[in-house]
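**Student:** just to be clear, the model below is a prediction. Sequence and coordinates:
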Amino acid sequence: MSQAIRSAKERALQIVEKASRIRIQDARDNIGARTTGRQLKKGHNQMGHTQGALERAAKPPLGWIWGDFFRPWQRMYPGEKLFNADINSRREYIPLSLVELARLIDLGWINPRQPIDVSTLCATQKFQINPKIRQCGFDLTDEGADSFPYPVDIEVQYATQSAIAAVEKVGGRVRTAYYDVESLEAAVNPKAWFEKGRVVPKRKTPPPSLMEYYMDAKNRGYLCEEAEILKERQLSADVRGYSLPAEVKLSDKAVDQVFHGIPSGSVVSLADKKVFAPTNDLHREYYKNQRSDKLYS
């Protein structure tokens, strides 16, 4: 009788000694190492209810949060008068920080010696704006305001006071301007707009809810007079304690103009590389603006 194996190590060594050479067909998983998962179907996730019972079940009224039918949001927080009341009309602005703007300039995506607007920012392919879901442009934030070095001429749709001061401190220029849905669609993707042969639209007037914002010189609104903006620039420099350098004004855009150098009502031919201005007197009168008369001459 062979001597009893005293340890698991000796037993494993004995099995290896008697085993044959390792082959591919022997390199398989042990029995029970792999199991086939159970396939869950749509009806398995209904907590015992049938589809018909779920369809005919009582539904909570408007304002109730799903899963808590007996405590509506307006009862849990009675001090809040409106709960997503403007969710279908709320305007969304894509945030553009000064750090991101400086990074795009450093990488060569944006030329600081050219005017910057919605078309310039969207041409970098770093931002996506869909006007059809109430995305109305860019919001210039003050992240990186302490180290922003470029005197740029930028046009955005919303900007904070500290971001405006940071750009003006180095000699830049900020203007906040409104774009309607049609104008913003053309500005976001000019190539697609021109290839369809569509007329360059005329920027519409801001709605009453935004008229006050774009007429305020503190916000550098495009509907303000230049004299009022100069006063606010000087006041902001005095309050924040920096000397105001000469303002960089690379290009001036009319209040109803979408693209720099292209008047409203024109048709751009990419194949001919030409801009065709309207010749009909009625069309010229409709698209002409007193600040853009020189573009039609």
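**Tutor:** The structure has been received and is ready for your questions.
**Student:** drop to CA atoms for contacts and neighbour counts, all remaining ones
**Tutor:** Fine.
**Student:** tell me what whichever strand or helix holds residue 235 is packed against?
**Tutor:** Assigned by DSSP states H and E, residue 235 belongs to helix 226-240. Judged by 3 or more C-alpha pairs under 8 Å, 6 or more residues apart in numbering; DSSP states H and E, helix 226-240 is in contact with helix 161-169.
**Student:** and the contacts of the helix it packs on?
**Tutor:** The contact list for helix 161-169, computed with C-alpha atoms under 8 Å, 6 or more residues apart in numbering, reads 98, 140-143, 145-146, 148, 150-152, 173-174, 218-219, 233, 236-237, 242-245, 247.
**Student:** avg pLDDT for stretch 177-196?
**Tutor:** Confidence over stretch 177-196 (mean pLDDT, whole number) is 91.
**Student:** from one end of that stretch to the other, what's the distance?
**Tutor:** End-to-end distance of stretch 177-196 (C-alpha to C-alpha, to the nearest Å): 26 Å.
**Student:** residues in contact with stretch 95-108?
**Tutor:** So stretch 95-108 is contacted by 110-112, 138-145, 148-150, 163 (C-alpha under 8 Å, 6+ apart).
**Student:** switch to 7 Å and redo it
**Tutor:** Residues outside stretch 95-108 that contact it (C-alpha atoms under 7 Å, 6 or more residues apart in numbering) are 110-112, 138-145, 148.
**Student:** which of the contacts of helix 161-169 count as buried?
**Tutor:** Taking 16 or more other C-alpha atoms under 10 Å as the criterion, what is buried in the contacts of helix 161-169 is 98, 140-142, 145, 148, 150-152, 173-174, 218-219, 233, 236-237, 244, 247.
**Student:** show me those residues that map onto helices.
**Tutor:** If you go by DSSP state H, the buried ones among the contacts of helix 161-169 have 98, 233, 236-237 in helices.
**Student:** what number of residues lie near the nearest residue to residue 190 once chain neighbours are set aside?
**Tutor:** Sequence neighbours aside, residue 119 is the residue nearest to residue 190 in space, at 7.3 Å (criterion: C-alpha to C-alpha, 6 or more residues apart in numbering). Neighbour count for residue 119, taken as other C-alpha atoms under 10 Å: 18.
**Student:** again, but for residue 187
**Tutor:** A count of nearby residues for residue 187, using other C-alpha under 10 Å, gives 23.
**Student:** go ahead and confirm it touches residue 118.
**Tutor:** Yes - contact status for residue 187 versus residue 118: in contact at 6.2 Å, counting by C-alpha atoms under 7 Å.
**Student:** for the stretch 1-150 of the chain, which segments count as strands?
**Tutor:** 92-97, 135-141 (DSSP state E, counting those that start in this stretch).
**Student:** how much space separates residue 269 from residue 189?
**Tutor:** In terms of C-alpha to C-alpha, residue 269 sits 15 Å off from residue 189.
**Student:** then residue 199?
**Tutor:** 14 Å.
**Student:** how about residue 197?
**Tutor:** Per C-alpha to C-alpha, residue 197 is found 13 Å from residue 189.
**Student:** read off the pLDDT value for residue 95.
**Tutor:** Residue 95 is assigned 92 on the pLDDT scale.
**Student:** near it, how many other residues are there?
**Tutor:** Neighbourhood size, residue 95 [other C-alpha under 10 Å]: 15.
**Student:** beta partners of it?
**Tutor:** Beta-bridge pairing for residue 95 (DSSP bridges): residue 139.
**Student:** can you tell me the average pLDDT over the helix or strand hosting residue 212?
**Tutor:** Element membership for residue 212 (DSSP H and E) is helix 208-214. In this model, helix 208-214 carries a mean pLDDT of 91.
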